[in-house]
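**Student:** no sequence on this one, just coordinates:
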DNA sequence: TAATTTACTTACCGGTTGGTAGGTTTTTAC
DNA sequence: GTAAAAACCTACCAACCGGTAAGTAAATTA
C-alpha cells in the first residue's frame, strides 16, 4: 500500500512548519511539494489552522511514544530520564523537527496562552514529571521539585539541540564533538547526582 | 528632545517581531502602530529585512550591555554569572522581548546557518564564556568546558523564561513561585558547585 | 452495473504583502 | 532668506495569501 496523499501532506507540512513557522509557510508551498493543487490540500485539511493542528498533534504523539519507549527499556528512573535526553540530543531528522516545532509553539503560544490548558506538550511534560516522582519513591532526585528538575533538563537539552546547526558553523568539528560530550556529562551529573 | 519617529518604529518593530516573528509581522502593522504611513517607515528602513536587522542589532547590544553591567558589580566570576542569569529570569518586558527575539533567530537561523560567523549573539556568548574562563583562573568551574557550561545555563534559563506565560496558565500562582525559586536554586547549585 | 462517496481539478475572490514612483511638507544649513 | 536635504505623503503595482464555488474523474459500495 502506497503512502497516502494525506500522509504526504502531513509530513511535508511538518517539515515546512518547523523550518519556517506558521506564518512563514503557505499551504500552497505544502501542496506544491506533494504535487497536489492547493485545493487538493484543502480537501484533506479544511483550513491552514486545521493542518497545523494535525501537525502539532502528530508531534505531541511522537514525544509521548518516545517516553513510552524508554520506559520499557529500564525500570530505573535515573536511567529512563538519561535515556530520554540522550535520544533528544542524538535525534534523527524527524525528532529534530518535533523539537523545533515544540519550541516554536512555545514562542507563539505566549500571547494566546489562555488556551494553555490544552497545551499539546502537557501530556509529554506530565509523563516526564511522573518519571521523576516515581524516581523519588526509588530514592532518587531527593529534595528536587520534579517540575523544575524536568524543566531545567528539558530547556538545556532542547536549546542545545536547536543551536547545534549554528554552533556547527561557529566552531570546529572537534570542538563541537567535545561540546556535545560535555553536554551529556552535565546531564549525567544532574540526573545521577553530583 | 522628543522621541524620534525612527526610534519609535524600532521599538515597535521589536515588540511585534518578538510577538509574531518575522513572517507574522508586516511593515504596515509596525507603521500603523506609530501612526506613520508604510512609506514613512520605508524612508527610515529601506526594506523589511533592514528593519529586522536593526532590531536584532539593538537586541544584541542590549545583551552585551547587560554583561558589561553585571561585570562592574562584582569581581567574582561566580557572582557575575549568577547575577547575569538572575537578571534574565527576573527580566523586565524589554529584556524578555530580547530573549524571545534571540530564540526566534536561533530557530530561523537553522537553515541559513552559513552566515553564522556573523551571528548576532556571538559577542554576547563570547563575553559570557570569557567570564567562565576568567573564573577558572580564580579556581572556579574546574573540569568544566566553558562553552558547554555557559550553554547549559543559557538554555535552561531562556527556555524557562519563554515558557513562563504558558506555565502561568497551567499551574497555580504558588506552584509557579515555587518553580521559579527552585529554578534559581538549580542555577545556584550549578554555578557555585554542588 | 448504478449510485454514491472520495479525491481531486480549474477558475475565481477579496484582502494583504513588500516595494516603487513621484510629489509635498517640514526641518536644517549656510 | 534661500537652497538643500530630510521626513513624510498618496497612488499604485504585481505577487501572493487563505479560502469558496462548482465541476470532474476515480474509487468504493449496493
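**Tutor:** On my side now, so go ahead. It should be emphasised that the depicted structure is a prediction, and the values quoted were computed from it without experimental measurement. Numbering: from 1, shown residues only, chains lettered A, B, ... in the order given.
**Student:** and the closest residue to residue A:77 other than its chain neighbours, what pLDDT?
**Tutor:** The shortest distance from residue A:77 to any non-neighbouring residue, by Cβ to Cβ, 6 or more residues apart in numbering or on different chains, is to residue A:135 (2.9 Å). Where you see a C-beta, it was placed from the backbone N, CA and C, and this is true even at glycine. If you check residue A:135, the pLDDT there is 94.
**Student:** repeat for residue A:119
**Tutor:** At residue A:119, pLDDT is 83.
**Student:** How about residue A:191?
**Tutor:** Looking at residue A:191, the pLDDT reads 95.
**Student:** contacting residues around it?
**Tutor:** A:78, A:81-82, A:85, A:153 (Cβ atoms under 8 Å, 6 or more residues apart in numbering or on different chains).
**Student:** Make TSV from these and add pLDDT and distance to residue B:99 to it.
**Tutor:** Shown next, in TSV, are the contacts of residue A:191 (pLDDT from 0 to 100; distance: Cβ to Cβ, whole Å):
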residue	pLDDT	distance to residue B:99
A:78	96	31
A:81	96	27
A:82	97	28
A:85	97	23
A:153	97	19
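**Student:** With respect to residue B:178, which of the residues you listed is nearest?
**Tutor:** For the contacts of residue A:191, the closest approach to residue B:178 (Cβ to Cβ) belongs to residue A:153, at 17.7 Å.
**Student:** So the closest one versus DNA strand D, what's the distance?
**Tutor:** Distance from residue A:153 to DNA strand D, counting by Cβ to the nearest atom of the strand, to the nearest Å: 35 Å.
**Student:** Please look at that residue and residue A:189 and confirm they touch.
**Tutor:** No. Checked against Cβ atoms under 8 Å, the pair residue A:153 and residue A:189 is beyond contact range at 11.1 Å.
**Student:** more neighbours, these two?
**Tutor:** The residue with more neighbours, out of residue A:153 and residue A:189, is residue A:153; 25 against 13, by other Cβ atoms under 10 Å in any protein chain shown.
**Student:** quick one: which helix or strand includes that one?
**Tutor:** Per DSSP states H and E, residue A:153 falls inside helix A:146-170.
**Student:** how many neighbours does the residue nearest to residue A:77 have?
**Tutor:** As a burial measure, residue A:135 scores 22 neighbours (other Cβ under 10 Å).
**Student:** Hmm, residue A:74 and it touching each other?
**Tutor:** No. Applying Cβ under 8 Å as the test, residue A:135 and residue A:74 come out as separate, 11.5 Å apart.
**Student:** Low-confidence bits of chain A, can you list those?
**Tutor:** Counting by pLDDT under 70, the low-confidence segments of chain A come to A:1-3, A:110-117, A:194.
**Student:** Can you list the neighbours in contact with stretch A:170-183?
**Tutor:** Residues outside stretch A:170-183 that contact it (Cβ under 8 Å, 6+ apart): A:89, A:156-157, A:160, A:164, A:167-168, B:116-117, B:119, B:122, B:144-145, B:147-149, B:151-152.
**Student:** Mind checking which of the residues you listed are buried?
**Tutor:** Buried by 16 or more other Cβ atoms under 10 Å in any protein chain shown: A:156-157, A:160, A:164, A:167, B:116, B:119, B:144-145, B:147-149, B:151-152, out of the contacts of stretch A:170-183.
**Student:** what are the phi and psi values for residue A:45?
**Tutor:** Residue A:45 has phi and psi values of phi -130, psi 110 when expressed as degrees, to the nearest 10.
**Student:** quick one, what contacts it?
**Tutor:** Contacts of residue A:45 (Cβ under 8 Å, 6+ apart): A:9, A:51, A:54.
**Student:** Tell me the one of these nearest residue B:100?
**Tutor:** Closest approach between the contacts of residue A:45 and residue B:100, by Cβ to Cβ: residue A:51, at 25.1 Å.
**Student:** wait, isn't that closest one in contact with residue A:34?
**Tutor:** No. Counting by Cβ under 8 Å, residue A:51 stays clear of residue A:34, with 12.0 Å between them.
**Student:** Please say which of those two ends up with more neighbours.
**Tutor:** Set residue A:51 next to residue A:34 and count neighbours by other Cβ under 10 Å: residue A:51 wins out with 22 against 18.
**Student:** Okay, and the residue nearest to residue A:77 sits in which element?
**Tutor:** helix A:122-137.
**Student:** what's that helix packed up against?
**Tutor:** If you count contacts as 3 or more Cβ pairs under 8 Å, 6 or more residues apart in numbering or on different chains; DSSP states H and E, helix A:122-137 packs onto helix A:48-73, helix A:77-89, helix A:146-170.
**Student:** what do you get if the cut-off is 10 Å, keeping everything else the same?
**Tutor:** Judged by 3 or more Cβ pairs under 10 Å, 6 or more residues apart in numbering or on different chains; DSSP states H and E, the packing partners of helix A:122-137 are helix A:48-73, helix A:77-89, helix A:146-170, helix B:146-170.
**Student:** which residues touch the residue of chain A found nearest DNA strand D?
**Tutor:** Among the residues of chain A, residue A:26 lies closest to DNA strand D, at 3.1 Å counting by Cβ to the nearest atom of the strand. Shown in contact with residue A:26 (Cβ atoms under 10 Å, 6 or more residues apart in numbering or on different chains): A:16, A:20, A:32, A:38, A:48, B:23.
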